[in-house]
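Trainee: Take this sequence and fold it.
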Amino acid sequence: MALERIQRRSLPGEVYDQLLRELVDGGYPTGQPLPSERRLAEALGVSRPAVREALQRMAHAGLVHVRQGGATTVTDFRRSGGLDLLPHLLLPGGGIDLSVARSILEARLAVGPKVAELAATRGGPAAADVLDLAVAELAADTDPVGRQRHALTFWEHVVEAADSIAFRLMFNSLRAAYEPALPALAAVMAAEVDRVGDYRALTAAIVAARPDDAHRLAHDLLGNATRELLRAIDTLDGDRP
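Mentor: Next up is the predicted model:
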């Protein structure tokens with residue numbers, strides 16, 4: 001297979017991101033037609049083929065409906081979109097959407113214990129070295145953002161040990177949504193990433209191939225911190241006008 005040089009950023013990609021931001025922010029309501037290719041190309045200062053490619057990508061993602069010879073209309077992304085939209089929904093305009101952050105935490109709490117259970121069943125002792133190293137690096141790092149990154153690495157290895165492509169893809173999407181928000185979430189996430197002993201206990205259960213214990217310990221680790229985080233989010237949400 002011939003390899004081609006990869007461009008760091010394509011014009012259609014830029015167009016896609018801008019249109020998606022407008023769509024998520026409500027600039028283009030569901031059911032409404034988008035401006036024509038020509039008007040979008042003029043407004044964005046790009047060629048019509050670049051706009052066309054971006055619209056085709058949006059159509060494949062279920063975000064718009066392209067009618068041959070007619071208008072391109074906006075669909076309801078909540079009904080037709082996928083997890084890849086989460087990063088755009090979490091940080092619309094640069095600020096955190098607290099309702100999206102809450103839903104991510106709730107999804108994590110629902111999925112994480114099952115992933116840990118599978119890791120203990122399928123990974124077991126083979127996951128010992130990478131999990132021990134991730135916990136050691138988590139314990140040694142005093143930077144709040146750095147600890148979050150080590151915690152993500154820990155769960156990366158847990159997901160790998162679980163050997164489930166569906167959970168792997170779900171984790172990838174949640175991670176992509178979460179990583180840009182690490183600095184903003186540093187204060188509230190300390191309630192979880194500072195629980196180094198809980199990470200060690202979970203590692204021991206996975207390595208010893210004790211799936212029931214791994215499920216319970218993962219639920220405790222994620223559950224206690226998630227409740228604290230949700231309380232903090234509710235407080236922040238209530239303080240907003």
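Trainee: export the helix or strand bottoming out on mean pLDDT in the chain as PDB, just CAs?
Mentor: Least confident element among the helices and strands of the chain, by mean pLDDT, DSSP states H and E: helix 86-90 (a mean of 77). C-alpha atoms of helix 86-90 as PDB (Å, rounded to 0.1, in the frame of the first residue of the first chain):
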ATOM      1  CA  LEU A  86     -19.100  14.600  23.300                       C
ATOM      2  CA  PRO A  87     -16.000  16.800  23.100                       C
ATOM      3  CA  HIS A  88     -17.900  19.500  21.200                       C
ATOM      4  CA  LEU A  89     -20.800  19.200  23.600                       C
ATOM      5  CA  LEU A  90     -18.700  19.400  26.700                       C
END
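Trainee: Show me what it packs onto, helices and strands only.
Mentor: Secondary-structure packing of helix 86-90 (3 or more CB pairs under 8 Å, 6 or more residues apart in numbering; DSSP states H and E): helix 11-24, helix 98-122, helix 165-178. (C-beta placed from N, C-alpha, C; glycine too.)
Trainee: average pLDDT across the second one?
Mentor: Okay, so that is helix 98-122. What helix 98-122 shows for mean pLDDT is 89.
Trainee: Report the angle between the helix or strand just after that helix and helix 98-122.
Mentor: Downstream of helix 98-122, the first helix or strand assigned by DSSP states H and E is helix 128-140. In terms of direction (axes from the mean of the first three to the mean of the last three CA atoms, to 10 degrees), helix 128-140 departs from helix 98-122 by 140 degrees.
Trainee: and helix 128-140, what's its mean pLDDT?
Mentor: 95.
Trainee: got the buried residues for it?
Mentor: Using 16 or more other CB atoms under 10 Å as the burial criterion, the residues of helix 128-140 that qualify are A128, V130, L131, A134, V135, E137, L138.
Trainee: give the contact list for the most centrally placed residue in the chain.
Mentor: The residue lying closest to the centre of the chain (CA atoms, centre = their mean) is L174, at 2.3 Å. With contacts defined as CB atoms under 8 Å, 6 or more residues apart in numbering, L174 is in contact with L83, L86, I104, A107, R108.
Trainee: G81 contacts L63, correct?
Mentor: Yes: using CB atoms under 8 Å, G81 makes contact with L63 at a distance of 6.3 Å.
Trainee: Hmm, R210 is touching E117, no?
Mentor: No: at 9.5 Å, R210 does not count as touching E117 under the criterion of CB under 8 Å.
Trainee: Looking at those two, which is more packed in?
Mentor: Higher neighbour count among R210 and E117: E117, with 22 against 17, using other CB atoms under 10 Å.
Trainee: Good, we can wrap up now.
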